[in-house]
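**Q** Whatever this is, show me its structure:
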Amino acid sequence: MSEVRVNYACGTPGKMIAARILPGTDLLTGLEQICDQNGVKYGAVNCFGSFSAAGYMYLVPMDAKVGAGYGDVIKQEGPIEFLSGTGIITQTDKGVTELHFHGTMCDKEGTVFGGHIVKGQCPVLTTVDVVIQEAKGVEMIRKYDEETDLTQVFVAEK
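**A** Numbering: from 1, shown residues only. You can find the predicted model right below:
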């Protein structure tokens, strides 16, 4: 059996925000604005809705420390049903709100696809319905991780 390695911090729930992102707004830009306007630095997001287009990435084999990394941005034209999105609200090591967000979507034929959502690439078509749960007493900082050679989240109690 391999060694179990984790990095975690215990906190408490803060405010819960219910929101709707309106047509034409980019998903991640809208989520970041909601967080910034409500003082949410760390937490979780769940949402669903529709996009007029989507840009996403997924892991592909690469000559890298862990043998994989994100490939090129895949662009899908809409209309796109946004079946489910989930992510974490973090701060960069420079104090900027940044979401690490993944989504599952399908096209007009019902073909399902998804991966890591790219900021600026997912304009809302009709709506995205959102619930944000703030995490208090923890820090979630996204920064470069030397072990994986990728940007990762580092958590600590505040």
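
**Q** Which residue ranges of the chain form strands?
**A** 12-21, 43-57, 59-61, 68-70, 74-92, 97-106, 112-117, 124-136, 138-145, 150-157 (DSSP state E).

**Q** Check the gap between residue 150 and residue 26 for me.
**A** 23 Å (C-beta to C-beta, to the nearest Å). Every C-beta, even on glycine, is put in place using the N, C-alpha and C of the backbone.

**Q** More neighbours: which of those two?
**A** Neighbours per residue, other C-beta atoms under 10 Å: of residue 150 and residue 26, the larger number sits with residue 26, 20 against 15.

**Q** For the residue most central in space within the chain, which non-adjacent residue is spatially closest?
**A** The centre of the chain sits closest to residue 101, judged by C-alpha atoms, centre = their mean, with a distance of 1.3 Å. Spatial nearest neighbour of residue 101, excluding adjacent residues (C-beta to C-beta, 6 or more residues apart in numbering): residue 87 at 3.2 Å.

**Q** and the one you found, how many neighbours does it have?
**A** 22.

**Q** who's it bridged to?
**A** residue 45, residue 101 (DSSP bridges).

**Q** my guess is it meets residue 100, correct?
**A** Yes - at 5.6 Å, residue 87 counts as touching residue 100 under the criterion of C-beta atoms under 8 Å.

**Q** which of the residues in the helix or strand bottoming out on mean pLDDT in the chain are buried?
**A** Confidence across the helices and strands of the chain bottoms out at strand 68-70, with a mean of 80, counting by mean pLDDT, DSSP states H and E. Neighbour counts over strand 68-70 (16 or more other C-beta atoms under 10 Å) mark 69-70 as buried.

**Q** Report the strands that pair with that strand, each with its relative direction.
**A** As assigned by DSSP bridges, strand 68-70 forms pairs with strand 59-61 (antiparallel).

**Q** what does the partner strand contact?
**A** Strand 59-61 has contacts (C-beta atoms under 8 Å, 6 or more residues apart in numbering) with 67-71, 115.

**Q** Many thanks, I have nothing further to ask.
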